[in-house]
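In: Take a look and give me a structure for this.
(one chain, ligands or ions: 1)
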Amino acid sequence: MLKVYGYPKTRATRITWLLEEMGVEYEYCLVDFAKGESQSPEYLKINPAGKVPAIETDGIVMFESGAIVNFLADKHSPGDLIPALGTVQRALFEQWSYFTLTELEQPLWTLGKHKFALPKKYRVEDILPTAAWEFQKALKLLSEFLQDSEFVLGDKFSAVDILVAQTLRWGMSFKQPVEQSNLIAYLERVEARPARNIAISKEEALLAG
Ligand SMILES: N[C@@H](CCC(=O)N[C@@H](CS)C(=O)NCC(=O)O)C(=O)O
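Out: Below you'll find the model as predicted:
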């Protein structure tokens, strides 16, 4: 069975949410950072970066959440949760996936790294306002693109909405204001999908033991 290596409230939710959308069964392997499990020799064979998510399936191990989303959606839901290769819709899907990972997420991860994730001696406090400003710039662009669209690809929900919504929620949890009313409505719409709540409940249940 497909294995997902992850931890609650991380990018691993992108993968489990997608799998729940597609009705694909998976085994969730909890990687507990606090217990040093992400740096264990066994886990470093799965993801040499010592990060989550990673997956194990079809005789391969794979990491990088964006690539995993595309692979799993292409495998289990081609033409539905991910548009077919070579189509204009696929081009748009990729554009907004890359935008999410490099423009929207990047400043959030900069905030996280320089507030708590990096070893103290590598943290640079002065970068925090710049990262917050960059996040707002990316939000503005996303808001202008979405206008009144229901989803990134218009009226059809797709896997890129999982990336975008999970990243917007991440921004809010980092206390970065998301003030555009269309983004707030978009987030509510995407987060109302039952698959998201199932994925999160399963993660929480695992943590509770
Ligand atoms: N670009 C990677 C980033 C993965 C990543 O940084 N994951 C975080 C959790 S959301 C992590 O494992 N952090 C632990 C660390 O940096 O040591 C992806 O999208 O999968």
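In: Can you pull out the residues in contact with the longest helix anywhere in the chain?
Out: Assignment by DSSP state H gives helix 128-146 as the longest helix of the chain. Contacting residues not belonging to helix 128-146 are listed as 96, 99, 103-104, 106-108, 110-111, 114-115, 152, 164, 171, 176-178, 180, 182-183, 186 [CB atoms under 8 Å, 6 or more residues apart in numbering]. The way it works is simple: take the backbone N, C-alpha and C, and place the C-beta from them, glycine included.
In: If we use 7 Å, what do you get?
Out: 103-104, 107-108, 110-111, 114, 171, 176, 178, 180, 182-183, 186 (CB atoms under 7 Å, 6 or more residues apart in numbering).
In: restrict the residues you listed to those near the ligand?
Out: Checking the contacts of helix 128-146 against the ligand by CB under 6 Å from any ligand atom, not one of them is in range.
In: Out of the residues you listed, which end up buried?
Out: Neighbour counting with 16 or more other CB atoms under 10 Å marks Glu103, Leu104, Pro107, Leu108, Thr110, Leu111, His114, Gly171, Gln176, Val178, Leu183, Tyr186 as buried within those.
In: And the third one, how far from the ligand?
Out: Spelled out, it's Pro107. According to CB to the nearest ligand atom, to the nearest Å, Pro107 and the ligand sit 14 Å apart.
In: Stretch 70-87 vs the ligand: in contact?
Out: No: Stretch 70-87 stays clear of the ligand (CB under 6 Å from any ligand atom), getting no nearer than 11.9 Å.
In: for the residue sitting furthest away from the middle of the chain, helix, strand, or coil?
Out: Distance from the C-alpha centroid of the chain peaks at Lys121, with 28.0 Å (CA atoms, centre = their mean). Counting by DSSP: H, G, I helix; E, B strand; the rest coil, the backbone at Lys121 sits in helix.
In: Also Pro8?
Out: Strictly by three-state DSSP, Pro8 counts as coil.
In: Would you indicate which residues of stretch 159-176 are buried?
Out: For stretch 159-176, by 16+ other CB under 10 Å, it's 159-171, 174, 176.
In: Run the chain-centre distance for that stretch.
Out: 7 Å (CA atoms, centre = their mean, to the nearest Å).
In: residues in contact with that stretch?
Out: So stretch 159-176 is contacted by 13-14, 17-18, 66, 69, 73, 81-82, 93, 96-97, 100, 104-105, 108, 111-112, 132, 135, 151-152, 178, 183, 187, 190-191 (CB under 7 Å, 6+ apart).
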